[in-house]
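Undergrad: 3D model of this:
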Amino acid sequence: MDECERSADGEIDSVGYSGGGKSPVGISLASVLRAVAYPLLLLAVVLVGASALALRWDPAIVSPLFLVGTLVYLALLEQLIPYDRSWHPGKDEWRWYGIYFLLTMAGSGLAQLLVTAAVGWISADERGHHLWAEIPGALLAGSLVSYLVHRLGHTSALLWRLHGVHHVPQKVNVANNGVNHVLDIVLAQSLVQLTLALAGFSRSAVLVTGLFVVAQGYFVHANIDVRIGRFNHLLASPEQHRLHHSTDLSEAGHYGSDLSCWDHLFGSFTWHPGREPAAVGLHDPASFPGTGEIVAGFLHPWRRRPEPETPAGPAANT
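TA: This is a model prediction of the structure:
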């Protein structure tokens, strides 16, 4: 969808634009929201993280409440400043996405249990280094592992049969961020948490890092018309992640959902100002069950593979 099409809906800020029944006040409000939406989300990460540490809030309560708050905030922005109104979920999609979200949360909980059972939660209660020196280290370590696992999900035929479930929807929004195969979530989050635990990062650093990762993970998936300009070279954004879901294989990259440094380092950074996908979803839609076929999607990794294997392979469906 190009700028002209979105302007016809009154979605794009334009000084001289008078169509679409939008008043100057409405256009001004949309412009303000586009400018402050992301800074406010990052500010929330800082405020909640600092308050949790200072007041010794229980991470088991803080993290899920912050997740809910992030979802509500981004869902509201999707209504106020949508990137593409046709990407809003329909009634059936809301039901499917809700089921997948619960499965994703179950997978996250199982990952935590597996790490605890394997090594115990060995992150130190008391930090050995200054917290603000520890947080960047935890973020870099966790995001690197997340990047590598995500990229493997696209290049390994076996792992793609898990991860490809996430790429079935032909739209990108905050609700279908939860469309995942539960084993894909267990694998990815177990490896990230295991890395942080074995590296000895304190629980405080893991908590703050986790809040940022949650905010970023849902932000990049949000169907909102927000652009962060040159900060795209440092942080992941919806602009980048829409390209990740593109059916055009030449632009599908961006495996990082929090930091974009790894995409630069490993050559998977494809964004440039104004670049937008023509379509999103699977390169070969027939290769996976539909989003509404939840049981079939869960069983897909164990289905007999077609012969011969599609030449494009899993890497084509980035």
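Undergrad: CA atoms for contacts and neighbours, from now on please.
TA: OK.
Undergrad: pLDDT averaged over stretch 237-253 - what is it?
TA: Mean pLDDT, stretch 237-253: 95.
Undergrad: Check which helix or strand the residue minimising distance to the centre of the chain maps to.
TA: Centroid-nearest residue in the chain, with C-alpha atoms, centre = their mean: G217, separated by 3.1 Å. Element membership for G217 (DSSP states H and E) is helix 203-219.
Undergrad: Determine the set of other helices and strands touching that helix.
TA: Judged by 3 or more C-alpha pairs under 8 Å, 6 or more residues apart in numbering; DSSP states H and E, the packing partners of helix 203-219 are helix 24-54, helix 59-80, helix 131-155.
Undergrad: Buried ones in stretch 164-172, by neighbour count?
TA: G164, V165, H166, H167, V168, P169, K171, V172 (16 or more other C-alpha atoms under 10 Å).
Undergrad: List of residues touching it?
TA: Stretch 164-172 is contacted from outside by 87, 153-154, 176-181, 221-223, 242, 245, 279-282, 285, 288-291, 297, 317-318, using C-alpha atoms under 8 Å, 6 or more residues apart in numbering.
Undergrad: Leaving out chain neighbours, which residue sits closest to Y100?
TA: Nearest-residue entry for Y100: V179, 5.1 Å, with adjacent residues in sequence omitted and distances by C-alpha to C-alpha, 6 or more residues apart in numbering.
Undergrad: what's the answer for E134, then?
TA: A205 (6.2 Å).
Undergrad: what does T70 give?
TA: Here the residue nearest T70, using C-alpha to C-alpha, 6+ apart, is A215, at 6.4 Å.
Undergrad: Is that neighbour in contact with L41, as I believe?
TA: Yes. Using C-alpha atoms under 8 Å, A215 is in contact with L41, at 7.1 Å.
Undergrad: Compare those two and say which one has the larger neighbour count.
TA: Ranked by neighbour count (other C-alpha atoms under 10 Å), A215 and L41 place A215 first, with 23 against 18.
Undergrad: so what's the more buried one scoring on pLDDT?
TA: 98.
Undergrad: Now do the contacts for it.
TA: L41, L42, V45, L67, T70 are the contacts of A215 under C-alpha under 8 Å, 6+ apart.
Undergrad: before we move on, the earlier item: show me the contacts for the residue nearest to E134.
TA: L131, E134, I135, A138.
Undergrad: Tell me the pLDDT of it.
TA: pLDDT at A205 comes out at 91.
Undergrad: Starting from L140, give me the distance back to it.
TA: 12 Å (C-alpha to C-alpha, to the nearest Å).
Undergrad: ditto for V226
TA: Distance from V226 to L140, by C-alpha to C-alpha: 25 Å.
Undergrad: Looking at the two, which is more packed in?
TA: V226 (23 against 16).
Undergrad: would the more buried one count as being in a helix?
TA: No. If the criterion is DSSP: H, G, I helix; E, B strand; the rest coil, then V226 is coil and not within a helix.
Undergrad: What number of residues are in the vicinity of S250?
TA: By other C-alpha under 10 Å, 11 other residues sit near S250.
Undergrad: how much space between it and M105?
TA: S250 is 33 Å from M105, by C-alpha to C-alpha.
Undergrad: And F212, by the same measure?
TA: Counting by C-alpha to C-alpha, the gap from F212 to M105 is 17 Å.
Undergrad: residues contacting A75?
TA: V174, A175, A222.
Undergrad: repeat for L152
TA: L159, W160.
Undergrad: And it, how close does it get to I61?
TA: Distance from L152 to I61, by C-alpha to C-alpha: 32 Å.
Undergrad: Backbone torsions only: list them for the nearest residue to L158 once chain neighbours are set aside.
TA: Nearest non-adjacent residue to L158, counting by C-alpha to C-alpha, 6+ apart: P301, 7.5 Å away. Note on P301: backbone dihedrals following degrees, to the nearest 10 are phi -60, psi -20.
Undergrad: same thing with D258?
TA: phi -120, psi -60.
Undergrad: repeat for the one 3 residues further on
TA: Here is the backbone geometry of C261 (degrees, to the nearest 10): phi -60, psi -40.
Undergrad: Any stretches of this protein with poor pLDDT?
TA: Low-confidence segments of the chain (pLDDT under 70): 1-27, 120-129, 305-318.
Undergrad: tell me the angle the host helix or strand of A117 makes with helix 59-80.
TA: Here A117 is covered by helix 91-119, with elements defined by DSSP H and E. With axes from the mean of the first three to the mean of the last three C-alpha atoms, to 10 degrees applied, the angle from helix 91-119 to helix 59-80 works out at 150 degrees.
Undergrad: Buried residues of helix 91-119, list them for me.
TA: Applying 16+ other C-alpha under 10 Å to helix 91-119 flags 93, 96-98, 100-101, 103-105, 107-108, 110-112, 114-116 as buried.
Undergrad: From the contact counts, what lies against it?
TA: helix 182-199.
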